[in-house]
Every structure is written in C-alpha cells, then in structure tokens.
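> The amino acid sequence is not available; the structure is as follows:
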C-alpha cells in the first residue's frame, strides 16, 4: 500500500520549513513582518462582495463548465483594452491560475514529456508538473543579469524531442523581471521554429513600473495558435481567496480539449465568479493606475533599502511585486531561520522566502531570498532596516 | 504542436451529444423535463448565503490550503453522528468531490497504474483517470442483479500487480445501489489481502431509502489506514455550484501527501467554505429526514412508472437519486434523440442520460438509460407517462 512516486518525490513548499520559527517568534512576543508570501494588503474592490450579496436564487446550482457568461464577457472586455480580442469560446474560467496551469499541462504534454521554464520560477509549477508526470527543464537566469533570458542558442539547447512547450511567468514571480520586446520575440521564434506551445502566466500583467511597456505573448499575432495565456483575479484585484483564474487561447481546438477537463470537474465556484464578473464590468477608470503607483512606491523603498546594504546583489525589478536579492551569506535559509529565531530590532523581525526552492538546478539560489513588497510603506521601511541591521550582525556570513 | 494523447483520447460527456436536440426541442416550443443530470431542485439551506453575506474582511485573502478550520470542524462533527471520528488533520477541503478524486488518484497511483471500479460508473472518473494516466479496470455489474457486486473471486480476477485501489460510489451513481454489509466486508477483505486502497465516493450517503442501514467504508475499523472517503456538499445540501468537497482519511501520512497538492493550488474558494461551515454547524435536526422522504417519494413514482412499462428491466434502487433502466430498444441513444426530436405528448418531452457512457466495457449499456429523479412529484409523473407512451410508439425497437 505505497503512495505513488510522483507524490512522494514531490517537493513541499520551500517556505514551510520556516513557519514554525515564525510561530515561535510570535509566541515570544516579536512582531514578524511577512514579506514571504504574495498576499497583498490592498482591499478587494467592494463591488465583489456586493454582487455576491445580490445573489438570490434559491438553489446554488452548477454553473457552466467553461465559466459564468458574464465573467467570460468581462474578461474579454478587459483584454480588448490591450488589443487582444478573445471570443467567448476562447476563454475558460478555472479554479485559480493554478488549475489553468494544471489543465494546460495535461492538454499539451503526456507523461514523460518536457516543459522548459526559466529558473528561478514559481515553485508550485513543480507541484503541477509532478502531479501529471511532466518534466520541467530549467533555463538558468541570474540576479546579476536581472533575470533576463539568455541568448536564443542557449534556450534552444534545452529543447529535446520530448519538449512540448515553454512556460514563462511574465512579469516574473519570483524575479520581478519584465521581458523586453526582443526577449518576447525570441521566445516566439523558438516556439515557431521548434513547434512548441507558449504557456504565458501573466497574472501580474498590471504590475509593471517606471512607465515600461508591457508586451503580452497575446500581442504577437503570428503565434496566437500556440499561445496559452494563464490569468487570475488573485493579484489583479487582490482577491486571492476567490480562486478565480482563466485560460485564454485563440486556438479554439485547444480550448475545446481543455473544456473536457473543465466538464469533468463540472464548474468553478459560482459565487466568486459572480463577484469577479462584477469587478470586471464596473471598475473605476483609474483603479490600476492607483494600485500600480502604490506598488511602485513600495518597490522603490525595498530596492533602495537593498542597494544600501553592502554585499547585496539585485537589479531593479520592474514588474510583479517581488524581488530576488543575493545576500552576503552562505546559506539564505540559515540566515532566515536566524532572523526569526535569534534576531530582533525593537522586538521586531522579518520573514522572507529562501530562493533555493525556486530553482530546479541543484545548488542554485542558496544565497538568495525572495522579498514580496506587499506591505505598507512604513512597514517596508522598517523591514529594510531590520534586514540591514541583521546582515551587519549575522555571524554566519 | 500536437495535443497530448491523454487529452485527445479523453471521452467527452456522454450526455453532450443530446444537448443540441434538447435545445432544438425547446426552440420548437416543447417543454423538456430534464432527468438527465444530478442537479436537484431542493433549496440550498438559507444560512449558507447568510454566512457569506456576513463576511466583512476588507481583503479576500488566501484561506488555509487544507481548508477553513470552521468547515473542517463542522465536517468532523457531522461524521461523529455516524460513529466516524476524524481529527482535524485527517480532513482536507477540496474543489468539489471532483478534486478530491483527482488528488487521491495522483497520490496512490503512478502513470500506468490501475484502479478497479464496478461499472456502470460516474463517467467523469474517466476524465480524472485519463488526466493523470491511471487506467480504469471495470468490474461488470448488471441491471438484472440491481447492480450489486459480483462474488469475491470475480472481483479478484481484475487485480494485477499494477492495481493500486478500488474506487466505489456508495450509494451508487448512476446505479442507485446501496451495498450490503457482506459486500462492504468483501471489498474490505480484498483490499487487505491484496494491499489496496479503497476510494469510497460517499457523496450520496444521506440518500438511502426504505429505512435501509447504510454502512460506510469508514465504519469498518480494520481498514481505516487504507480507506479514503470522498465527500461533497453538492448533493447533501443541494449546493452543487459551491464546489466544496472533502477528503477524509485516518491515514495521516496519506493526508500529508495529499496536502502537498492542496498547497500547490493554494486553497479552495473561501466564501463557499464559509457558507458550508455555517450549514454544518446549524442544520435543523430533521433536515436529512425531510429531504430523504422527498426523494423516496420521487423514487417510488419513477420506479412504479418504470415497472408499469412492458419490457423495462430495473431493480428498485435504494440509494442516491438515480436509477438505471434497461429499455426495450436496441439503442437507448437513438431512442433519446427520437424523444427530443420526434416525440411529444401534450407538447412535452423528456431528456435522459444514455447509460452507455457509464460503462468502460465496449458494448455494455447500449439499451440502458439513467434517470435522475430530481424533479417534483407532478413533473416526475408526467415524465413517466411520456416515457411509457413514447416506448409504445417508438418505431426503433
């Protein structure tokens, strides 16, 4: 009565190990700033709950497997602002971006097939890939280079006859990178030349700073039969607990195949879809501008803080709300444990995510951390002060 | 740029083919009684929505990956009524029973491993199994025998060195069968002797009629390390659109493994969990008794109706809200299309599910239909009259 190999060899969340240290720190009365998780403090738009409260059908019935029509329509409208024109049968609503990725993997890859992902990458991709027996082949990117992509030839070296697609998070989690037009074009060319799908996880697409142009893989006309966009309201509308994601693809045949999986699990949570539909249809004109300004301020505080610490290596991130920093320590995990267990500044300390778990290549990221700038300015300033002081005092350098 | 074999070979819902005929019938002004789907008309308990309306946190944050504590506690309390004692770390909340099954399959079986399922079975099991490359090995049960299990030796013949578990729906969908104590005991013995898991999908556990004793696989002490209970509020509380399911298992190590998958997809829909928790904690004493009485009345109408039709073979079902009937036709699917396209009685007709899609063995079920008795008495009476009249007139016998 053994468990499957795919589950027993599956990594647990790299942050989990730190939880008990954080819990202990709190028990001791320390305040812990949590910059370890992408849970924003921005308020969920109020009309989300209002729409749900207006739900008055006596039976909470199954909704459509592809998603509630009003939500599909809302998402289609949203994308039109960015010159992407999806028809209603080119959009599927999923249980968060998570299910969107899982279903996409199942649809393009069989057991033993491969997906190329630039590392460091969102560690739950490992979970989805292991669950369905798909192998992740990493392409190394580095802090020194701001986690931009390596040259075309280097990416192509990772391609084998089992490669089915390239999965990118754009803007990057955990890296904060926003790919340039040339990088997007390069991936598009590779996909065409080697007949691969592009899975582009663009859940952070609104979080791009410094007035930078954001180019979606959905904006490159010649690859639209092979681009699968992964979407979610979790970060966009600070509604992580709703679990409403989406798959968008101009390849109708692909949508038709994924729909089989959607029908198998009947539907996504109905009430949250109703809430999400309402947000999409009635969003204040300047909503994203305001949120973006808030995050850019936070990004600046964290980046300035990091640059003021001797030995820290980190390029200015331009997207999402994460930054990976290389610290002058031999083991970031040991340092983070020490921060929680042995350190305090005015009875406060910090929790960050060790970056090692975001790499697939053994040995990479050991001296790196991911910082999520999801707290208010003042808390971020204090957090950076704690980090600087702690690194000065840390004995394990 | 091919799609995966697992998706292209995946069956679509067997009912789908009939949808356009039903739509056309309605366009022609016919009333169609939908007995083809397990969507009950019973009202969702009102406190479900009330609890959600009281949600007043400004940010809809991720909830716990294993589920909202109040809901886990509510489910644990519910099971205690039936002498099953689950601790909080033996319960995981999932996106419907669907995800509970998918995650269980991933956890006990690798690609190419096998799961034994008595057929006819819930056709979405095919979807979940194909998605993760697990092979379903059917055991034949028949309408003539009321879909009870074959003798032990016959079940054991299906076991190979790739068999990892036996999956049963109990009470049965699409069969309505409630297994006897001897049958439960037999499966328990087989699982012990051959070291297999038992996945028991008991989402219809409250729907057992005629005062019959219902024995859960959770009630057999000696197999609790290998029993995985699949649960859901969809039918129990007529809340199909909520997508709240659960996995219960006394094998803590197994729960720990499945938790990796739960963490990978972060959490289930938070608001629906809050609603479900409220129902579990504040349910009128006689809730299930009333619902059961209602369904038993409906079952009687359908069963009496079927028995009055010459040539129909069907044992009285004692559980869930489905019955499979063998009709005196050569192709049930053709008959069902004819019902929608060519037949009407006082401008009304009927949609049923062809049972062929519930069988894995080629050729079985071709003359069978599944009837869901989820409508009010009067509608069911009319439906049975339509069926009887139609069978008298049907030219394709």
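Looks like it arrived, so ask away. If you're wondering where the values come from, they're calculated on a predicted model, not measured in any experiment. Residues are numbered from 1 along each chain as shown, chains lettered A, B, ... in the order given.
> Which pLDDT value goes with residue A:356?
Looking at residue A:356, its pLDDT reads 93.
> So it sits against residue A:370, correct?
No: using CB atoms under 8 Å, residue A:356 is not in contact with residue A:370, being 10.1 Å away. (Each C-beta comes from the backbone N, C-alpha and C, glycine too.)
> Neighbour count for the two, which is higher?
residue A:370 (28 against 20; other CB atoms under 10 Å in any protein chain shown).
> contacting residues for the closest residue to residue A:124 other than its chain neighbours?
Once flanking residues are discounted, residue A:124 sits nearest to residue B:264: 4.7 Å by CB to CB, 6 or more residues apart in numbering or on different chains. By CB atoms under 8 Å, 6 or more residues apart in numbering or on different chains, the residues touching residue B:264 are A:98, A:124, A:127, A:128, A:131.
> In a strand, the third one, correct?
No: when classified by DSSP: H, G, I helix; E, B strand; the rest coil, residue A:127 is found to be helix rather than part of a strand.
> Look up how far residue A:304 lies from it.
35 Å (CB to CB, to the nearest Å).
> And for the fourth one?
Between residue A:128 and residue A:304 the computed distance is 36 Å (CB to CB).
> Compare the two (neighbour count), which wins?
Per other CB under 10 Å, whichever of residue A:128 and residue A:304 has more neighbours is residue A:128, with 25 against 12.
> Assess the claim that that one and residue A:103 are in contact.
No: applying CB under 8 Å as the test, residue A:128 and residue A:103 come out as separate, 9.4 Å apart.
> returning to what we had before: of the contacts of residue B:264, closest to residue A:347?
Nearest to residue A:347 among the contacts of residue B:264 is residue A:124, at 33.4 Å by CB to CB.
> Contact partners for that closest one?
A:13, A:98, B:263, B:264, B:265, B:266.
> Sort out for me which of these are in helices.
In helices, defined here by DSSP state H, the members of the contacts of residue A:124 are A:98, B:263, B:264.
> residues near the second one, how many?
Which is residue B:263. Using other CB under 10 Å: residue B:263 sits among 20 other residues.
> Report pLDDT for it.
pLDDT, read off for residue B:263, is 95.
> go on, the first one?
Note for residue A:98: predicted pLDDT of 98.
> do you know how far the nearest residue to it once chain neighbours are set aside is from residue A:62?
Closest residue in space to residue A:98, ignoring its immediate chain neighbours: residue B:265 at 3.9 Å, by CB to CB, 6+ apart. Distance, residue B:265 to residue A:62, using CB to CB: 20 Å.
> swap in residue A:157?
Using CB to CB, we find residue A:157 at a distance of 47 Å from residue A:62.
> Looking only at neighbour counts, state which of the two leads.
Set residue A:157 next to residue A:62 and count neighbours by other CB under 10 Å: residue A:62 wins out with 18 against 11.
> Number of residues surrounding the closest residue to the more buried one other than its chain neighbours?
Among residues not flanking residue A:62 along the chain, residue B:240 sits closest, at 4.5 Å (CB to CB, 6+ apart). By other CB under 10 Å, 25 other residues sit near residue B:240.
> what's the answer for residue A:376, then?
Counted with other CB under 10 Å, residue A:376 comes out at 12.
> Verify the contact between it and residue A:41 for me.
Yes: using CB under 8 Å, residue A:376 is in contact with residue A:41, at 6.7 Å.
> Could you list the residues in contact with the helix or strand of chain A with the lowest mean pLDDT?
Least confident helix or strand, chain A: helix A:16-27 with a mean of 91, by mean pLDDT, DSSP states H and E. With contacts defined as CB under 8 Å, 6+ apart, helix A:16-27 is touched by A:32, A:34, A:36, A:333, A:336, A:337, A:340, A:341, A:349, A:351, A:354, B:263.
> Can you check what pLDDT the model gives the closest residue to the last one other than its chain neighbours?
Sequence neighbours aside, residue B:65 is the residue nearest to residue B:263 in space, at 4.4 Å (criterion: CB to CB, 6+ apart). Confidence at residue B:65, expressed as pLDDT, is 95.
> Confirm residue B:65 sits in a strand?
No: under three-state DSSP, residue B:65 falls outside any strand and is assigned coil.
> Would you list the phi and psi of it?
As for residue B:65, its main-chain torsions (degrees, to the nearest 10) stand at phi -60, psi -30.
> so it touches residue B:261, yeah?
No: taking contacts as CB under 8 Å, residue B:65 lies outside contact range of residue B:261: 9.1 Å.
> The two - which one has more neighbours?
Neighbour count, other CB under 10 Å: between residue B:65 and residue B:261, residue B:261 has more, with 25 against 18.
> What is the subsequent helix or strand relative to the helix or strand encompassing the more buried one?
Under the criterion of DSSP states H and E, residue B:261 resides in helix B:252-264. Sequence-wise, the next helix or strand downstream of helix B:252-264 (DSSP H and E) is helix B:270-281.
> Just the residues contacting the next helix-or-strand element following that following helix, thanks.
Sequence-wise, the next helix or strand downstream of helix B:270-281 (DSSP H and E) is helix B:287-307. For helix B:287-307, contacts defined as CB under 8 Å, 6+ apart pick out B:42, B:45, B:176, B:206-210, B:312, B:314, B:316-317, B:321, B:323, B:325, B:371, B:373-375, B:377, B:380-381, B:383-385, B:387-388.
> got the angle for helix B:287-307 vs helix B:270-281?
Calculated by axes from the mean of the first three to the mean of the last three CA atoms, to 10 degrees, helix B:287-307 forms an angle of 90 degrees with helix B:270-281.
> Which parts of chain A are strands?
For chain A, the strands defined by DSSP state E occupy A:31-34, A:91-95, A:114-119, A:135-140, A:163-169, A:197-201, A:227-232, A:244-248, A:322-326, A:348-351, A:353-354, A:368-372.
> Now do the contacts for the closest residue to residue A:271 other than its chain neighbours.
Computed as CB to CB, 6+ apart, the closest residue to residue A:271 that is not its neighbour in sequence is residue A:52, at 5.0 Å. Neighbouring residues of residue A:52 by CB under 8 Å, 6+ apart: A:271, A:272, A:274, A:275, B:52, B:53, B:271.
> Outline the domain layout of chain A.
A:5-43+A:287-393, A:47-281 (automatic domain parsing).
> For the residue sitting nearest the centre point of chain A, give me the pLDDT.
Most central in chain A under CA atoms, centre = their mean is residue A:173, positioned 4.5 Å from the mean C-alpha point. Turning to residue A:173, the model gives it a pLDDT of 96.
> doesn't residue A:207 make contact with it?
No: applying CB under 8 Å, one finds residue A:173 not in contact with residue A:207, separated by 9.9 Å.
> any shared contact partners between these two?
Taking CB under 8 Å, 6+ apart as the criterion, residue A:173 and residue A:207 both touch residue A:320.
> Share the number of residues neighbouring the closest residue in space to residue A:340 that isn't next to it in sequence, please.
Nearest residue to residue A:340 in three dimensions, chain neighbours excluded: residue A:21, at 3.9 Å (CB to CB, 6+ apart). The tally of other residues near residue A:21 (other CB under 10 Å) stands at 19.
> for residue A:216, same thing?
When neighbours are counted by other CB under 10 Å, residue A:216 comes out with 18.
> what residues does the stretch 101-250 of chain A put near chain B?
Residues of the stretch 101-250 of chain A lying near chain B by CB under 8 Å from any CB of the partner chain: A:102, A:106-113, A:124, A:127-128, A:131-133, A:164, A:195-197, A:225-226, A:238-243.
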